[in-house]
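> Build me a model:
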Amino acid sequence: MILQVMTKQLLSCREVWCYDDCDYIVTGETEEDIVRSAAEHDIKEHGKTKKDMVKLREKLKGFIYTIYY
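Here you go, the predicted model:
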């Protein structure tokens, strides 16, 4: 029997910014997709600015993790 391992990358807003009331989790095909979606969410929902997000891109990348299923 051959088992296929699937992976998914994700990032949790709560883990990045410690917002206890935010359950937003972003998944994507690429690291860039995830960072872009997370930045859009942070601007819209948490009042971050585009300038903030340019500076924090590397921080966001550090919170992306892979799950296997």
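> Name the residue closest to the centre of this structure, please.
Central residue of the chain (CA atoms, centre = their mean): L11, 3.0 Å from the mean position.
> now the lengthiest strand in the chain, how far from the centre of its chain.
Criterion DSSP state E: the longest strand present in the chain is strand 7-12. Centroid displacement of strand 7-12 relative to its chain, using CA atoms, centre = their mean, to the nearest Å, is 7 Å.
> For the very next helix or strand once past it, name the packing helices and strands.
Tracing the chain past strand 7-12, the next element assigned as helix or strand by DSSP states H and E is helix 13-17. Other helices and strands packing on helix 13-17, by 3 or more CB pairs under 8 Å, 6 or more residues apart in numbering; DSSP states H and E, are helix 31-46. In this view, the C-beta of every residue, glycine as well, is placed from N, C-alpha and C.
> And T66, its phi and psi?
Main-chain dihedrals, T66, degrees, to the nearest 10: phi -110, psi 130.
> For it, name its beta-bridge partners.
Counting by DSSP bridges, T66 forms beta bridges with Q9.
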